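> Below: sequence and its predicted model.
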Amino acid sequence: MTFLAEQLQQIDRHLADSLAAGEDVRLVTDGELVTALQTLGRIQRRIDGAIVSATDRVVQRDQGERVTRLSTRAGCRDAVELLRRALRVDGYAARRYVTAATAMHRDLSITSGELLPGAFPELSAALADGELSLIGYLACVVPLQNAARIETADRLAADALLARFARGIDVEAAGDAADAAGERAPAPTTEELAGLTAHIIARLNLDGPEPDDDRAGKRRRHFTIGKLRGGSVPVRGSCCQRSPRSCRSFSMPR
């Protein structure tokens, strides 16, 4: 057994002993109950951050041939099934961990072997520190990943701003000044994080998302020219709405 596994088992035993020896939750005051919930939430967020980090390693060790994959050696079909069985969660929860691990992943430098910055370094750090929940992390990173036409510098700026907001730091104050003050606002809810993320994406992508009907139309477009038969060539297909006007302009020039 590795040192990490032993440490985690000691933490598990210590937590179980503390909860068993603690005061009955039915007898605590309202303030103590709220404080206990806040502490339990912080513990859960830290655990989620650790699970996401471990999931990243599972996903990376599943990149090779099937016989060499970690999930295969564990008797599972893929990383999602391994998480389902190891964490005793459903497929939806397991897929959320995999999605978060993809956003948190950091590549290794080919030359130096050092870890390169990830796509969302500040939000990932907030998740690992227990300042941001797994659902809040996904509410920020998934829309930014799916957003089109956002440059790397803009994505990193949005990552830093959202991480400060998640930590309760004033997003309009200078970084050093806000950190030196040490004043924190109440932690935002997941809905507030999602709303700010949507606002940032709208500011960065002024043209807006590509309409769904345009994407569906592009998938259906095709143009086929058949073989010459009886002096004519059959043509069939589905084109964009501007094509008929272009054809008429060629056939009936002014």
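In hand now; what should we look at? Numbering: from 1, shown residues only.

> Count the neighbours of the closest residue to residue 168 other than its chain neighbours for me.
Excluding its sequence neighbours, the residue lying closest to residue 168 (C-beta to C-beta, 6 or more residues apart in numbering) is residue 184, at 3.8 Å. In this view, the C-beta of every residue, glycine as well, is placed from N, C-alpha and C. The local packing of residue 184 (other C-beta atoms under 10 Å) involves 12 other residues.

> same deal with residue 188?
18.

> mind listing what it touches?
When contacts are counted by C-beta atoms under 8 Å, 6 or more residues apart in numbering, residue 188 is found next to 136, 165, 166, 168, 196.

> Turn those residues into CSV, including secondary structure.
Listed next are the contacts of residue 188 as CSV, based on DSSP: H, G, I helix; E, B strand; the rest coil:
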residue, secondary structure
136, helix
165, helix
166, helix
168, coil
196, helix
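
> Any of the residues you listed buried? List them.
Neighbour-count burial within the contacts of residue 188 applies to 136, 165, 166, 196; the criterion is 16 or more other C-beta atoms under 10 Å.

> quick one on the thing from earlier: show me which of the contacts of residue 188 has the smallest pLDDT value.
By predicted confidence (pLDDT), the lowest-ranked of the contacts of residue 188 is residue 168, with 92.

> pLDDT weak spots in the stretch 51-200 of the chain?
Along the stretch 51-200 of the chain, segments meeting pLDDT under 70 span 173-183.

> how about a cut-off of 80?
Flagging of the stretch 51-200 of the chain using pLDDT under 80 yields the residue ranges 148-149, 172-183.

> what about the helices in it?
Taking DSSP state H, counting those that start in this stretch to define them, one finds helices in the stretch 51-200 of the chain at 70-73, 79-87, 91-104, 121-128, 134-146, 152-167, 175-181, 190-204.

> Most tightly packed of those?
Each of the helices of the stretch 51-200 of the chain was given a mean neighbour count from mean count of other C-beta atoms under 10 Å, and the largest, a mean of 22, is that of helix 121-128.

> can you list the residues that contact that helix?
Contacts made with helix 121-128 from outside it, assessed by C-beta under 8 Å, 6+ apart, are listed as 45-46, 48-50, 52-53, 100, 103-104, 118, 132-134, 137, 140-141, 156, 159-160, 162-164, 166-167.

> and it with helix 152-167, angle?
Computed by axes from the mean of the first three to the mean of the last three C-alpha atoms, to 10 degrees, the angle separating helix 121-128 from helix 152-167 equals 30 degrees.

> Alpha carbons of helix 121-128, as PDB, please.
What follows is the C-alpha trace of helix 121-128 in PDB, where atoms were taken according to Å, rounded to 0.1, in the frame of the first residue of the first chain:
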ATOM      1  CA  PRO A 121      -5.500  27.200 -14.100                       C
ATOM      2  CA  GLU A 122      -7.200  29.600 -11.700                       C
ATOM      3  CA  LEU A 123     -10.500  27.800 -11.600                       C
ATOM      4  CA  SER A 124      -8.700  24.400 -11.200                       C
ATOM      5  CA  ALA A 125      -6.800  25.800  -8.300                       C
ATOM      6  CA  ALA A 126     -10.000  27.100  -6.700                       C
ATOM      7  CA  LEU A 127     -11.500  23.600  -7.100                       C
ATOM      8  CA  ALA A 128      -8.400  21.900  -5.600                       C
END
